[in-house]
Every structure is written in C-alpha cells, then in structure tokens.
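>>> Using only what follows, build the 3D model:
(chains A and B)
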Amino acid sequence: MRLRRSMMFIPGDSAGMLSNSYIYRPDSVMFDLEDAVSLAEKDTARLLVFNTLKANLYGGIETVVRINGVETPFWEDDLDMAVRGGVEVIRLPKTESVADVKEIENRIENIEKSCGRPIGDTKIMAAIESACGVVNAVSIASCTPRMIAIALAGFDYLVDMQTSRSSGSEPELFYARAAVLHAARAAKIDAFDVAYGNVNDEEGFLREVAIAKNLGFNGKSLIHPRQIELLHKAYAPTTGEVDHARKVIQAAKDAEEKNLGVVSLDGKMIDPPVIHEAQRVILLSDHS
Amino acid sequence: MKIKQRGIAGTLESSDILVVVSPDDGNEVQLMLQSKVEKQYGAAIRQLVTETLEKLGVTGVAVDVKDQGALDCVIRARVQAAVFRAAGENKVNFEVVS
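Have a look, this model is predicted:
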C-alpha cells in the first residue's frame, strides 16, 4: 500500500525547484516536461530531469515524469529519457483512449528491454483532460497492469466542456470526478483530483480538498509546496479513527495467531476490507 | 563530439549555472569559472565540468561557467545541454550521457 495524497508539479526546466523540492516531502513529485516548459527549453529540461533522477535526490518520494502528448514531436525523446533515467511513473497527458496508452506502453517496453530495466517496471498514470477521456475512463484505467493511477486535470477539461471553474461545491466537475474515481476504483488503482490554481486562496483550496477527500480520491495534484502540508493535515485521520484502526488490526492479528477464520471486534465480525481500511488509516496517521 | 558553434545553457538564478561552450583552436579545454562558492567547491566544479566534457568526447573548446550554487546533477545537465547545442545535435543519446 502506497500513499498518494500529494503529487507536486515541478517545472522540468527549473534547476532551483528540481534541486530543492524534496525537502517538502510530498508523496509524489511530478517533473513536468509539458506545459511548464517552453518549446525552446525542452532539450535542457530533459537533461535536467534525467540528471536529477540519476542523482536520486528524491529517495522515498515517488518520481513521476509528465511527458509531452503523443500528438507532439517530443514525447518519444521524453519517454526515452525518463525510462532510462529510472523514473517510477510516466504521466501521459490528455489521455483520450486505450490506443493512447498502448502506444506509450509499447514504447516503454522497448526502452526497458534496451536499457536492461525489468519489463513492466515503469508504471503509467493517465491524465484525463477532456470529455472523451472521461467517457473512456473505465477502459483507460484497466487497459494495462502498468496503470497505477488516473488523474483528472480540470483546466483543459472545463474548456472542453465549454464551462469554467465556479466556487462552492463545483458542480461543473462533479460528473468527471465521479466518473474518473469510479473508473479507478473498478480497476483497483489510485485517483488524483484536479490541481487548485490559486495558491494564495487557502480557504478555497481546503474546500476543494474536502470535496476530493469525501468523494474518495487518494489525493490531489499540487502546484505549490505550501499546499502539501495543508493537504496532508486535511487527510490525517482523527485520534478516534486511529484508535479504532489499531483495535481492528490487533483483532486481526489475534485471530491469525489463533488460526481463526473469522475476525471479530467487540462482538462484530470484521471483513477483510475493514482490515485493509484500518491499515490505510494507520499509514495515513504515520505520515501525517 | 565536434563543437561547431556557441552553445548556451542554464541561467543566473540561484541553484543554477550558466554554461557557454564555444569552439577553440587546438585540443585543449579552456575553462573559465566564476562561482559564489569557488573557495569551497571551485576545484570540484572544474573537475566535474572537465569529466562531463571528456565523457562526451569534447576537445578544442572554451567553456565559460557562471555558477550560482548548482548541485552536481545541475552542473552536469547544463554542460551536456550547452555541448549538444554547440554541436548542433538535436537528439540526445541518453545511453551516452548516463
């Protein structure tokens, strides 16, 4: 079980941010080669990210590289760099179909063979940024064992839907959030909610975090380090939840030691999903 | 790798390094370094720049480096980028630079 509450974007051409961002301890870092990098700096960004990956600055933090889309002339070089650099996850932007994923999956496998990485070692995260992507989310989420998460990207999606971001309960994102989340859960993978663009609006950010958490998202894409601690605190379980989780895990341990097939706590039967949830609560507590 | 023109990579921002690579007569590497941490790390930076150039097979080159406290991985990346630009190579072979 791996925590994926916070995935912080780092522009791939920013030497300063690449050098220092590990100190904020997000669960995942996403080195961006796409929107954050100008056309003139695609080459230098690739080399910066490659050398950063090789330097292993981000020990214990999941590394993700967002490559340029398959409609651009950059994605193959991005992929070659990232897989050879040892990145854990490739984030594919603007994913609309299984064919998009299969195209990069095939290329990843060829690079893995070429550089000696075990086949299947490099994972994939699909970013859903359009109505088409949302409609195809179920097939995208389940099309390869490499897929570890899908992420909803709000800005492009709302443009595609011919609407814009509101405040409050954000009804314009409700269907996409629910669809992407269901696709992820059906495929037994993780789901990231949209990034919140106004880094100075703490109240708005926390309101959106609450929506994502209550729906069941594992976490959010983040664009500024100051959002990390806020998010982690919001996802932290309460003392009561932690106490209950410890009791559940102890009960499961006791039952296992006594070779009992059924686990019970305070006279109530405990199913495996409850034990799994208790383990997740403890993990969240340990990292809050 | 043959240096054909001037190649520049990097910035003068904190934690970065600006590297300018230019063709030079002969087979030597002429290295000029300015760094705010030159007293402590000047020798190590020079060695890293030189090793990175050697690995790319670069000789006959003038290298002007202005360091703003960059990590080794940034120095390596900026030197590589400046060399590839100076050589007019658009395609990086990541087997070679690793």
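>>> Give me every residue in chain B lying close to chain A.
B:9-11, B:13-17, B:70-74, B:76-78, B:80-81, B:84-85, B:90-92, B:94-95, B:97-98 (Cβ under 8 Å from any Cβ of the partner chain). Heads up, the C-betas are built off the backbone N, CA and C, glycines and all.
>>> Please spell out the PyMOL selection for the buried subset of these.
Remark: buried members of those, expressed as a PyMOL selection using 16 or more other Cβ atoms under 10 Å in any protein chain shown:
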select buried, chain B and resi 9+10+11+15+16+17+70+71+73+74+76+77+78+80+81+84+85+92+94+97
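>>> Distance check, A:D78 against chain B.
11 Å (Cβ to the nearest Cβ, to the nearest Å).
>>> any idea which element that residue lies in?
Using DSSP states H and E, A:D78 maps to helix A:75-85.
>>> list the helices and strands the next helix-or-strand element following that helix packs on?
Next along the chain after helix A:75-85, taking DSSP H and E as the criterion, comes strand A:89-92. Packing contacts for strand A:89-92, counted by 3 or more Cβ pairs under 8 Å, 6 or more residues apart in numbering or on different chains; DSSP states H and E, involve strand A:62-66, helix A:75-85, helix A:98-115, strand A:123-128, strand A:147-152.
>>> Relative to the whole chain's centre, how far out is the last one?
Okay, so that is strand A:147-152. 6 Å (Cα atoms, centre = their mean, to the nearest Å).
>>> Going by residue numbers, what spans are strands in chain B?
With strands called from DSSP state E, chain B shows them at B:7-9, B:17-23, B:29-35, B:61-67.
>>> Which residues does the first one contact?
To tie it back to what came earlier, the one meant is strand B:7-9. For strand B:7-9, the external contacting residues (Cβ atoms under 8 Å, 6 or more residues apart in numbering or on different chains) are A:44, B:18-22, B:77-79, B:81-87.
>>> Return the set of buried residues in stretch A:174-185.
In terms of neighbour count (16+ other Cβ under 10 Å), stretch A:174-185 has its buried residues at A:176-177, A:179-184.
>>> Would you mind putting the residues you listed into JSON lines with pLDDT, secondary structure and distance to A:N20 alongside?
Shown next, in JSON lines, are the buried residues of stretch A:174-185 (pLDDT from 0 to 100; DSSP: H, G, I helix; E, B strand; the rest coil; distance: Cβ to Cβ, whole Å):
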{"residue": "A:A176", "pLDDT": "97", "secondary structure": "helix", "distance to A:N20": "33"}
{"residue": "A:R177", "pLDDT": "97", "secondary structure": "helix", "distance to A:N20": "32"}
{"residue": "A:A179", "pLDDT": "97", "secondary structure": "helix", "distance to A:N20": "37"}
{"residue": "A:V180", "pLDDT": "97", "secondary structure": "helix", "distance to A:N20": "32"}
{"residue": "A:L181", "pLDDT": "98", "secondary structure": "helix", "distance to A:N20": "33"}
{"residue": "A:H182", "pLDDT": "98", "secondary structure": "helix", "distance to A:N20": "37"}
{"residue": "A:A183", "pLDDT": "98", "secondary structure": "helix", "distance to A:N20": "35"}
{"residue": "A:A184", "pLDDT": "98", "secondary structure": "helix", "distance to A:N20": "31"}
